[in-house]
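[1] structure, please.
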Amino acid sequence: QVQVAESGGGLVSPGGSLRLSCLVSGSSFRFDPMGWFRQAPGNERKFVAAIHENGRNSYYSQSIQGRFTISRDNDKNSVYLQMNNLEPEDTGVYFCQILNYFGDSEPLHYDHWGQGTQVTVSS
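    Okay, the predicted model is just below:
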């Protein structure tokens with residue numbers, strides 16, 4: 001059974017940084033493209049970033065472009081999201097997901113999610 005476990009969230013001031021981690025078990029992780037999504041209060045879940053199984057190719061939503069960096073460590077079955085220059089609009093629950101394929105960033109295509117990790121950006 002595939003499981004994901006997100007961690008690393010917290011409360012941070014505007015302009016601060018956080019690094020989220022996601023540990024994946026029960027899958028052939030090194031062959032899986034991975035993504036990060038987030039859900040702000042009262043809003044739908046939205047795509048944030050994706051990384052190819054090769055670890056070299058990635059893409060991002062426009063709202064976080066240049067501030068967030070996705071990476072992975074296939075030896076540790078983990079994917080990361082480094083978030084810099086955080087803004088209050090980045091507040092939400094962040095989820096990682098095994099993508100159906102590298103370009104599939106539509107949250108509605110996925111039925112099963114982990115518990116996520118809460119990120120709150122506030123002064």
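[2] mind listing the residues bridging to the most centrally placed residue in the chain?
    The centroid of the chain falls nearest to residue 36 when counting by C-alpha atoms, centre = their mean (2.3 Å). Counting by DSSP bridges, residue 36 forms beta bridges with residue 49, residue 96.
[3] ok, it - contacts?
    Shown in contact with residue 36 (C-beta atoms under 8 Å, 6 or more residues apart in numbering): 20, 22, 48, 49, 50, 70, 79, 81, 94, 95, 96, 97. Placement of C-beta: from N, CA and C, glycine included.
[4] just the closest of those to residue 103, please.
    Taking C-beta to C-beta as the measure, residue 103 sits nearest to residue 50 out of the contacts of residue 36, at 7.9 Å.
[5] residues contacting that closest one?
    Contacts for residue 50 (C-beta under 8 Å, 6+ apart) come out as 33, 34, 35, 36, 58, 59, 60, 70, 99, 102, 103, 105.
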